[in-house]
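In: Build me a model from this:
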Amino acid sequence: MVSDIRQSSNMQVFIFALLVATVAAGSLPAYKKEPEITITSQSDVRNLDGSSQWSFAGSDGTTRDESQAQKQLPGYDKEVTSGNTNQGNTYYTSPEGQKITLSWVADEKGFQPKGDHLPTPPPIPEEIARVLPTLPKLAESY
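Out: Sure, this is the predicted structure:
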C-alpha cells in the first residue's frame, strides 16, 4: 500500500513536470530563419612579386575587392625599405537597411577609410583657419 502511494506520488510529480515543460516550450518565441547567403563570384590572384588581388560577391549584394602591393619607402636612416600597401572597396547593406560603401587605402600614411557613413570632424573655426597659413611648416624629413 505504501508502495502504491509512493508510485502515485511519483506519477503526479512526473505529470506536473511534463505539464510545466509543455507550457514553457509553448511560450518560446518563434525561430526566424535567416536567408541563406551564397558566394556568387570569387577570385584570388597571388603574384611572385608579393602583390595580390582578391574579390568576392554574395547573393545578398555584398561585395569586396582588395589589392596589395609591395612599395619601396624611404627609411628613417635614409635607406630604402620595402613596405606593404593595401587598398580596397566593400559594399553591403546594414541591419538598418542603409547601403554602405567603404573604400580604403593603407600605406605609409596609415589606414585611410572613406565612406558616407563614417563620422566627420567638425569644421575648423574661421579664426584658426586664418592663422594656419602663417604657422611655420614642419620639416618633411627627420
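In: So which elements touch the strand ranked longest in the chain?
Out: Across the chain, the longest stretch assigned as strand under DSSP state E is strand 80-93. With contacts taken as 3 or more C-beta pairs under 8 Å, 6 or more residues apart in numbering; DSSP states H and E, strand 80-93 sits against strand 63-74, strand 99-107. C-beta coordinates here come from the backbone N, C-alpha and C atoms, glycine included.
In: How about residues contacting it?
Out: Contacts with strand 80-93, where a contact means C-beta atoms under 8 Å, 6 or more residues apart in numbering, come from 50, 60-75, 99-108.
In: out of those residues, which are buried?
Out: Neighbour-count burial (16 or more other C-beta atoms under 10 Å) applied to those gives 62-63, 66, 68-69, 102, 106.
In: Setting the sequence-adjacent residues aside, check what's closest to His117.
Out: Of all residues not flanking His117 in the chain, Ile100 sits nearest, at 5.3 Å (C-beta to C-beta, 6 or more residues apart in numbering).
In: just checking, that neighbour touches Ser94?
Out: Yes - between Ile100 and Ser94 there is a contact under C-beta atoms under 8 Å: 5.5 Å.
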